[in-house]
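Novice: Need the 3D shape of this:
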Amino acid sequence: MGTFLGWSLKRPSNLAKLILFACASVALMVMDAHHNRDVRAVRGTILRAGHPLQELTALPFALIHDARRDLRLNSRLRQENARLRARARRLEIEASRLAALRLEVRHLTALLRGSAIPGYRAGLARILDVGSGPFKQHLTLDEGRNDHVFIGQAVIDAHGIVGQVVSVNRDTSEVMLITDPDSGVPVISERNGLRAIVFGTGSLHRVKIPYLTVTADIRPGDVFVSSGLGGIYPPGYPVARVTKVTSNPNLAFLNVRAVPLAHLTYHTHVLLLWPRAQAGARDTHHG
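Specialist: This next block holds a predicted model:
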């Protein structure tokens, strides 16, 4: 290794190093036991001097720990948010269904109240299909020949006349609405007894009352009810309300517009009417 002041220097062996470190450790323990206060002071100074470095060293680990904690929290929050959104959607659907059921109950209750028509027996029928167009305004019902439905039978709701049966199958029947262009309902004015006929226009929201002369006593707001002529519809049941009356000096007739009083666009069920005499004969025949 070299010489120093005539002495030959060699690299210390591993055993020599072990003995040196052991002696240093024993010396430190002896000093700690006999000079405890001084050692503690030195140790405290060293610890205080190294504390910023210790915190700096621990900072990445703390940041990683916080980031993991935030990720877990965000994941739980996202899951809870998704669960709450799904529950809100289910509640919205249930609320819509409940509102629809309440509306249907009100409609059926009103139908039952309106079923007490003198001389007629009423039966509930569910609407299966609605065929609406400018040339055809029809409904399909779940009652047919097996339920004693017949062609020409009157159909009403709680607010007015709906139409009449024009086709009957075994389990279903087809109804022509009063708004159908081929429909004509004999009516009479509640206000003054003026007789007329309500015709369909092809629109669910409009009917017309033609062939009234310019001298006819008719005005907006007049309500026309069925007159009973023809024997199809029960007399005195609401049909239409006048909305507009105009005259043309070049024409002999008024232009009268009206709206149907039956709720043709809100149906879930309607009432079929049987004349009491026919119903009694049928019940006796099948009794």
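
Novice: Can you pull out the low-pLDDT segments for the stretch 101-250 of the chain?
Specialist: 101-116 (pLDDT under 70).

Novice: Helices of this protein, residue ranges please.
Specialist: Per DSSP state H, the chain carries helices over the ranges 14-34, 36-113, 276-286.

Novice: Lowest mean pLDDT across those, which one is that?
Specialist: Among those, helix 276-286 carries the lowest mean pLDDT, at a mean of 50.

Novice: need the longest strand for the chain.
Specialist: Assignment by DSSP state E gives strand 120-133 as the longest strand of the chain.

Novice: Show me the strands paired with that one, marking each as parallel or antiparallel.
Specialist: strand 136-141 (antiparallel), strand 269-275 (antiparallel) (DSSP bridges).

Novice: got those as CSV, with mean neighbour count and distance to His65 columns?
Specialist: The way it works is simple: take the backbone N, C-alpha and C, and place the C-beta from them, glycine included. Shown next, in CSV, are those (neighbours: other C-beta atoms under 10 Å; distance: least, C-beta to C-beta, whole Å):
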stretch, mean neighbour count, distance to His65
strand 136-141, 20, 69
strand 269-275, 21, 66
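
Novice: how about JSON lines for these, with distance to Lys244 added?
Specialist: Listed next are these as JSON lines, based on distance: least, C-beta to C-beta, whole Å:
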{"stretch": "strand 136-141", "distance to Lys244": "21"}
{"stretch": "strand 269-275", "distance to Lys244": "28"}
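
Novice: between the ones you listed, which one is nearest to Ile161?
Specialist: Within the strands paired with strand 120-133, the stretch nearest Ile161 is strand 269-275; the backing value is 9.8 Å (C-beta to C-beta).

Novice: which residue packs closest to Glu143, ignoring adjacent ones?
Specialist: Counting by C-beta to C-beta, 6 or more residues apart in numbering, Glu143 lies nearest to Ala125, which is 4.4 Å off, once chain neighbours are set aside.

Novice: quick one: Ala240 from Ser189, how far?
Specialist: Between Ala240 and Ser189 the computed distance is 10 Å (C-beta to C-beta, to the nearest Å).

Novice: Neighbour count: those two, which is higher?
Specialist: Legend: neighbour count by other C-beta atoms under 10 Å for Ala240 and Ser189, higher for Ala240 (28 against 20).
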